[in-house]
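Visitor: Provide a 3D model corresponding to the input given below.
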Amino acid sequence: MDRDVVKNVVSGVLVVDKPVGLTSHDVVQIIRRGTGIRRAGHTGTLDPRASGVLVVLLGPAVRLSEYVSASDKRYQATIRLGSSTDTYDAEGVTTQPEVPVEVSEEQFIELLKGFVGEIEQVPPAHSAIKVKGKRAYEMARKGEEVELEPRLINVYSLDVLEWAPPEVVVDVYCSSGTYVRSLANDIGEQLGVGAHLFGLRRTRSGQFTLRNAVSLRRLQESFEAGNWAQFLIPAAEALSDWYTVELDADMVEMVRHGHRIPVEGDVPERARAISQQGDLVALLEFIPEDNEWHPNKVFFTS
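Guide: Okay, here's the model as predicted:
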């Protein structure tokens, strides 16, 4: 397919197994160069030291970013007990010298129960959150005091995968916006011995898991070979957990021109509209007073 044509028609998802050492932005830049598509963006930053599932939207699918970014996440977190750092991870300066860890696996599992559910969490001072127009980490690096407001997060489950003190591997299933670094630091404070995040691998982001992911190296090889489209996932799959409205050809025409369509039965507040060929046509909003679907975002325009 002609490269210019590809730029205009491609809309979908690339799920990358990000390696340690690259920023999420680095990966997006590699994909832009490899595909020739400038319109690309990831849906949830992974720190350079973290690896795993990075969801990258291409073409018109980038308009799904706000919905995909807000999806739940799952991680395998390696937490080192007995010492703390200023960044809450292994990159930081040690703020508490290492001390012996005298806690059993049973005690640790019991302590984790206190971090499950809807909880308030204070993000790390070394984070990209803006405070009065400045990045928190820039202020922290200059020695300025950074005060970040606690935010509500949801931790659905915390399960110990490997117990080998002073390191423990924990499966973390949580809402978007959760800082696993803060979680590690808070766990250390509860234990009274300190702790920091030693390693992090994202195993799930929304509907996508490591099973859907392609290694960056293999993806780069496919750019060279010109067959990278084999890894492209249809945009509709990014919201596969949404209520689905299948449209016939006439309804597709109505929706793509911004017209409302009737609702059948009990429906939720929003839905994805799919053509009979499986293409994402639009995102719909339910208007109760009219019992109609209103097309909020239209993707199918050809």
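Visitor: drop to CA atoms for contacts and neighbour counts, all remaining ones
Guide: Noted.
Visitor: Need the three-state assignment for residue 95.
Guide: What DSSP: H, G, I helix; E, B strand; the rest coil gives for residue 95 is strand.
Visitor: okay, now it: neighbour count?
Guide: Using other C-alpha atoms under 10 Å as the criterion, residue 95 is surrounded by 13 other residues.
Visitor: Chain neighbours aside, what residue packs nearest to it?
Guide: residue 85 (4.9 Å; C-alpha to C-alpha, 6 or more residues apart in numbering).
Visitor: and the gap between the one you found and residue 47?
Guide: Between residue 85 and residue 47 the computed distance is 16 Å (C-alpha to C-alpha, to the nearest Å).
Visitor: Next up, the contacts around the residue nearest to residue 95.
Guide: 92, 93, 94, 95, 96, 195, 196 (C-alpha atoms under 8 Å, 6 or more residues apart in numbering).
Visitor: For it, list each beta-bridge partner.
Guide: Here residue 85 sits in beta bridges with residue 94, as judged by DSSP bridges.
Visitor: Make 15 the first number, not 1, from now on.
Guide: Noted, 15 is the first residue going forward, which turns the last one into residue 99.
Visitor: ok, residue 301 touching residue 308?
Guide: Yes: using C-alpha atoms under 8 Å, residue 301 is in contact with residue 308, at 6.8 Å.
Visitor: quick one, which of these two is more surrounded?
Guide: Taking neighbours as other C-alpha under 10 Å, residue 301 and residue 308 compare with residue 308 leading, 22 against 15.
Visitor: Residue 66 is in contact with residue 215, correct?
Guide: Yes: with contact defined as C-alpha under 8 Å, residue 215 counts as touching residue 66 (5.1 Å).
Visitor: For those two, indicate the residue with more neighbours.
Guide: When residue 215 is set against residue 66 and neighbours are counted by other C-alpha under 10 Å, the residue ahead is residue 66, at 25 against 21.
Visitor: where does that one fall, phi/psi-wise?
Guide: When read as degrees, to the nearest 10, the backbone of residue 66 gives phi 110, psi -160.
Visitor: next one: residue 201
Guide: phi -60, psi -40.
Visitor: these two touch, right, it and residue 209?
Guide: Yes: taking C-alpha under 8 Å as the definition, residue 201 is a contact partner of residue 209 at 6.9 Å.
Visitor: which stretches of the stretch 215-316 of the chain have low pLDDT?
Guide: In the predicted model, the stretch 215-316 of the chain carries pLDDT under 70 at residues 314-316.
Visitor: And residue 104, how close does it get to residue 95?
Guide: According to C-alpha to C-alpha, residue 104 and residue 95 sit 12 Å apart.
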